[in-house]
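# With the input below, show me the fold.
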Amino acid sequence: MSAFLCGAAEVGGATPRDTMKEHLLTSIRITAVLLAITCGIYPALVWAIGQLAFHDQANGSLITRNGKVIGSELIGQEFTSERFFHSRPSAASYDGSASTGTNLGPTSKKLRDSIAAAVKSFDVQHNVPADAVTSSGSGLDPHISPANAYAQADRVARANAIPVEVIRSMIAAHTEDRLLGIYGEPRVNVLQLNLDLLARGKARV
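Residues are numbered from 1 along each chain as shown. Just a heads-up that it's a prediction; the model follows:
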(Lines give C-alpha, C1' and ligand atoms only; values in the text may rest on other atoms or scores of the structure.)
Protein backbone atom coordinates (compact mmCIF):
# COMPACT_ATOMS: atom_id res chain seq x y z
CA MET A 1 0.00 0.00 0.00
CA SER A 2 2.80 2.43 0.97
CA ALA A 3 4.67 1.62 -2.21
CA PHE A 4 1.52 2.38 -4.20
CA LEU A 5 1.11 5.78 -2.47
CA CYS A 6 4.77 6.68 -2.99
CA GLY A 7 4.49 5.76 -6.66
CA ALA A 8 1.31 7.83 -6.99
CA ALA A 9 3.06 10.85 -5.45
CA GLU A 10 5.92 10.55 -7.87
CA VAL A 11 3.59 10.15 -10.85
CA GLY A 12 1.23 12.93 -9.79
CA GLY A 13 3.89 15.58 -9.12
CA ALA A 14 6.76 16.47 -6.80
CA THR A 15 8.20 14.01 -4.35
CA PRO A 16 8.33 14.78 -0.60
CA ARG A 17 11.99 15.70 -1.03
CA ASP A 18 11.10 18.23 -3.75
CA THR A 19 8.35 19.68 -1.57
CA MET A 20 10.71 20.08 1.38
CA LYS A 21 13.29 21.73 -0.85
CA GLU A 22 10.68 24.15 -2.15
CA HIS A 23 9.60 25.09 1.38
CA LEU A 24 13.21 25.54 2.45
CA LEU A 25 13.97 27.85 -0.47
CA THR A 26 10.81 29.86 0.23
CA SER A 27 11.83 30.26 3.88
CA ILE A 28 15.31 31.41 2.87
CA ARG A 29 13.86 33.96 0.46
CA ILE A 30 11.46 35.34 3.09
CA THR A 31 14.27 35.53 5.66
CA ALA A 32 16.52 37.37 3.22
CA VAL A 33 13.80 39.87 2.34
CA LEU A 34 12.90 40.54 5.99
CA LEU A 35 16.58 40.83 6.86
CA ALA A 36 17.07 43.44 4.16
CA ILE A 37 14.00 45.40 5.31
CA THR A 38 14.49 45.27 9.09
CA CYS A 39 18.30 45.42 9.20
CA GLY A 40 18.97 47.58 6.18
CA ILE A 41 16.19 49.60 4.59
CA TYR A 42 14.25 50.50 7.76
CA PRO A 43 17.28 51.60 9.86
CA ALA A 44 18.65 53.58 6.91
CA LEU A 45 15.28 55.29 6.43
CA VAL A 46 15.00 56.19 10.13
CA TRP A 47 18.61 57.45 10.14
CA ALA A 48 17.98 59.60 7.05
CA ILE A 49 14.81 61.11 8.53
CA GLY A 50 16.64 61.81 11.79
CA GLN A 51 19.54 63.51 10.02
CA LEU A 52 17.26 65.63 7.86
CA ALA A 53 14.49 66.55 10.30
CA PHE A 54 16.19 66.26 13.71
CA HIS A 55 19.90 66.59 12.97
CA ASP A 56 21.03 68.01 16.32
CA GLN A 57 18.90 65.65 18.42
CA ALA A 58 19.87 62.59 16.38
CA ASN A 59 23.54 63.35 16.96
CA GLY A 60 23.32 63.77 20.73
CA SER A 61 22.24 67.42 21.08
CA LEU A 62 25.90 68.38 21.22
CA ILE A 63 26.98 71.91 22.10
CA THR A 64 30.03 73.30 20.31
CA ARG A 65 32.09 76.43 20.79
CA ASN A 66 34.79 77.47 18.31
CA GLY A 67 34.39 74.15 16.51
CA LYS A 68 34.96 72.08 19.67
CA VAL A 69 32.37 69.93 21.39
CA ILE A 70 32.09 71.07 25.01
CA GLY A 71 29.08 69.05 26.13
CA SER A 72 25.56 67.94 25.45
CA GLU A 73 22.21 69.44 26.35
CA LEU A 74 21.19 65.99 27.58
CA ILE A 75 24.08 65.07 29.90
CA GLY A 76 24.90 66.91 33.10
CA GLN A 77 28.38 68.17 33.91
CA GLU A 78 30.11 69.02 37.17
CA PHE A 79 30.76 72.69 37.94
CA THR A 80 32.69 73.54 41.10
CA SER A 81 33.72 77.18 40.56
CA GLU A 82 31.83 79.80 42.56
CA ARG A 83 31.34 81.68 39.29
CA PHE A 84 29.03 79.06 37.85
CA PHE A 85 25.73 77.47 38.68
CA HIS A 86 26.20 73.99 40.08
CA SER A 87 24.42 70.88 38.80
CA ARG A 88 22.51 68.61 41.13
CA PRO A 89 24.57 65.92 42.91
CA SER A 90 25.51 62.85 40.87
CA ALA A 91 25.97 59.31 42.12
CA ALA A 92 27.73 58.57 38.81
CA SER A 93 30.23 61.43 39.17
CA TYR A 94 28.75 62.80 35.93
CA ASP A 95 30.29 59.89 33.99
CA GLY A 96 28.20 59.32 30.86
CA SER A 97 29.33 55.69 30.67
CA ALA A 98 28.31 54.90 34.26
CA SER A 99 24.78 56.27 34.60
CA THR A 100 23.31 55.32 37.97
CA GLY A 101 21.47 56.54 41.04
CA THR A 102 22.48 56.03 44.66
CA ASN A 103 20.16 53.00 45.04
CA LEU A 104 19.81 54.01 48.71
CA GLY A 105 16.42 53.68 50.36
CA PRO A 106 14.65 56.23 52.58
CA THR A 107 15.82 54.44 55.74
CA SER A 108 19.49 54.54 54.70
CA LYS A 109 21.74 56.37 57.20
CA LYS A 110 24.27 56.94 54.42
CA LEU A 111 21.62 58.71 52.37
CA ARG A 112 20.53 60.87 55.32
CA ASP A 113 24.14 61.80 56.10
CA SER A 114 24.91 62.71 52.48
CA ILE A 115 21.80 64.89 52.24
CA ALA A 116 22.64 66.59 55.56
CA ALA A 117 26.17 67.32 54.31
CA ALA A 118 24.81 68.67 51.03
CA VAL A 119 22.36 70.94 52.86
CA LYS A 120 25.13 72.25 55.08
CA SER A 121 27.33 73.12 52.11
CA PHE A 122 24.57 74.57 49.91
CA ASP A 123 24.18 78.28 49.29
CA VAL A 124 21.12 78.55 51.56
CA GLN A 125 20.14 76.48 54.58
CA HIS A 126 16.44 77.35 54.64
CA ASN A 127 13.92 76.08 52.08
CA VAL A 128 16.66 74.13 50.31
CA PRO A 129 15.36 72.77 46.96
CA ALA A 130 15.22 68.97 46.98
CA ASP A 131 17.15 68.64 43.73
CA ALA A 132 20.02 70.65 45.20
CA VAL A 133 20.86 67.95 47.74
CA THR A 134 19.67 64.72 46.07
CA SER A 135 20.97 63.01 42.96
CA SER A 136 18.81 62.08 40.01
CA GLY A 137 18.02 58.50 39.06
CA SER A 138 20.49 58.66 36.16
CA GLY A 139 23.15 60.75 37.85
CA LEU A 140 23.36 62.72 34.60
CA ASP A 141 20.44 65.14 34.85
CA PRO A 142 21.41 68.27 32.86
CA HIS A 143 18.70 70.37 34.51
CA ILE A 144 18.01 71.89 37.89
CA SER A 145 14.78 73.39 39.15
CA PRO A 146 14.26 77.16 38.91
CA ALA A 147 14.18 77.22 42.72
CA ASN A 148 17.64 75.63 42.79
CA ALA A 149 18.97 78.17 40.29
CA TYR A 150 17.49 81.15 42.15
CA ALA A 151 18.97 79.85 45.41
CA GLN A 152 22.44 80.06 43.80
CA ALA A 153 21.86 83.50 42.27
CA ASP A 154 23.42 85.54 45.07
CA ARG A 155 26.65 83.51 45.08
CA VAL A 156 27.00 83.62 41.31
CA ALA A 157 26.30 87.34 41.23
CA ARG A 158 28.99 88.06 43.84
CA ALA A 159 31.57 85.82 42.19
CA ASN A 160 31.06 87.47 38.79
CA ALA A 161 30.49 91.03 40.05
CA ILE A 162 27.19 91.10 38.17
CA PRO A 163 24.02 92.58 39.72
CA VAL A 164 21.83 89.84 41.15
CA GLU A 165 18.88 91.23 39.19
CA VAL A 166 20.74 90.43 35.97
CA ILE A 167 21.46 86.91 37.17
CA ARG A 168 17.80 86.41 38.05
CA SER A 169 16.72 87.62 34.62
CA MET A 170 19.12 85.13 33.03
CA ILE A 171 17.58 82.32 35.06
CA ALA A 172 14.10 83.38 33.96
CA ALA A 173 15.22 83.49 30.32
CA HIS A 174 16.64 79.94 30.56
CA THR A 175 13.69 78.43 32.40
CA GLU A 176 11.96 75.83 30.23
CA ASP A 177 8.26 75.21 30.83
CA ARG A 178 6.49 71.86 31.10
CA LEU A 179 6.26 69.94 27.83
CA LEU A 180 2.93 70.85 26.23
CA GLY A 181 2.17 72.65 29.46
CA ILE A 182 1.44 69.43 31.39
CA TYR A 183 4.39 67.01 31.26
CA GLY A 184 7.36 67.28 33.58
CA GLU A 185 8.35 70.29 35.67
CA PRO A 186 9.86 73.71 34.86
CA ARG A 187 13.62 73.33 34.57
CA VAL A 188 16.86 75.14 33.80
CA ASN A 189 19.66 73.67 31.68
CA VAL A 190 22.80 74.25 33.73
CA LEU A 191 25.30 74.10 30.88
CA GLN A 192 23.32 76.52 28.71
CA LEU A 193 22.92 78.93 31.63
CA ASN A 194 26.63 78.80 32.47
CA LEU A 195 27.59 79.39 28.85
CA ASP A 196 25.38 82.47 28.81
CA LEU A 197 26.99 83.56 32.06
CA LEU A 198 30.46 83.04 30.60
CA ALA A 199 29.56 85.05 27.51
CA ARG A 200 28.32 87.93 29.65
CA GLY A 201 31.49 87.77 31.73
CA LYS A 202 33.62 88.09 28.59
CA ALA A 203 31.49 91.01 27.45
CA ARG A 204 32.29 92.82 30.70
CA VAL A 205 36.04 92.40 30.36
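# Tell me how far the spatially most central residue of the chain lies from Ala157.
With distances taken as CA atoms, centre = their mean, the chain has Leu74 as the residue nearest its mean C-alpha position (4.5 Å). Leu74 sits 28 Å away from Ala157, going by CB to CB, to the nearest Å. Bear in mind the C-beta positions are built from the backbone N, C-alpha and C, glycine included.
# Helices along this structure, start to end?
Secondary structure of the chain by DSSP state H: the helices cover 2-12, 16-36, 42-53, 55-58, 109-121, 146-160, 164-174, 190-204.
# ok, back up a step: leaving out sequence neighbours, find the closest residue to the residue nearest to the centre of the chain.
Using CB to CB, 6 or more residues apart in numbering and skipping residues adjacent in sequence, the residue nearest Leu74 is Ser61, 5.0 Å away.
# right, and that neighbour touches Glu73 too?
Yes: contact criterion CB atoms under 8 Å: Ser61 and Glu73 qualify, at 4.1 Å.
# Can you name the residues that contact the closest residue to Arg155 other than its chain neighbours?
Distances taken as CB to CB, 6+ apart put Asp123 closest to Arg155, at 5.0 Å, once the chain neighbours are dropped. Listed by CB atoms under 8 Å, 6 or more residues apart in numbering, the contact partners of Asp123 are 151-152, 154-155.
# In terms of residue numbering, what are the domains of the chain?
2-55, 61-204 (automatic domain parsing).
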